[in-house]
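Asks: need coordinates for the following:
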Amino acid sequence: MRSKGLDPYAYEWNKTHGANQLQDIYRDLGNGEEKNSENDHVSVAGRIVARRAFGKLAFLTLRDDSGTIQVFFCTFCCFLYVHGNC
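Replies: Alright, predicted model coming up:
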């Protein structure tokens with residue numbers, strides 16, 4: 001990473017939303033419903049407190065100073081799904 005001019009131990013992260021903010025913004029989404037607009041691209045930071053992997057799927061529980069969210073990763077697509085109320 002250093003050879004490419006990147007710091008492997010970055011000390012700054014531009015977080016756009018907290019866990020509770022994301023829960024408030026997406027509270028009205030139904031199960032399986034998605035949004036994909038420019039406003040839906042967010043940057044979060046926190047501690048991963050749980051990880052559950054199932055083949056090409058992974059669920060992470062991320063906790064920050066405002067709350068907890070569940071993040072869903074899918075290796076065969078480019079989306080990141082966020083579910084609150086963990």
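Asks: doesn't residue 52 fall inside a helix?
Replies: No: Residue 52 is assigned strand when assessed by DSSP: H, G, I helix; E, B strand; the rest coil, not a helix.
Asks: so the residue nearest to the spatial centre of the chain versus residue 8, what's the distance?
Replies: Central residue of the chain (Cα atoms, centre = their mean): residue 71, 5.0 Å from the mean position. Separation of residue 71 from residue 8 (Cβ to Cβ, to the nearest Å) stands at 22 Å. In this view, the C-beta of every residue, glycine as well, is placed from N, C-alpha and C.
Asks: again with residue 20
Replies: Counting by Cβ to Cβ, the gap from residue 20 to residue 8 is 30 Å.
Asks: check residue 29 too.
Replies: 36 Å.
Asks: between the two, who's got more neighbours?
Replies: residue 29 (13 against 6; other Cβ atoms under 10 Å).
Asks: dump the residue contacts of that one.
Replies: Residue 29 sits next to residue 35 when contact means Cβ atoms under 8 Å, 6 or more residues apart in numbering.
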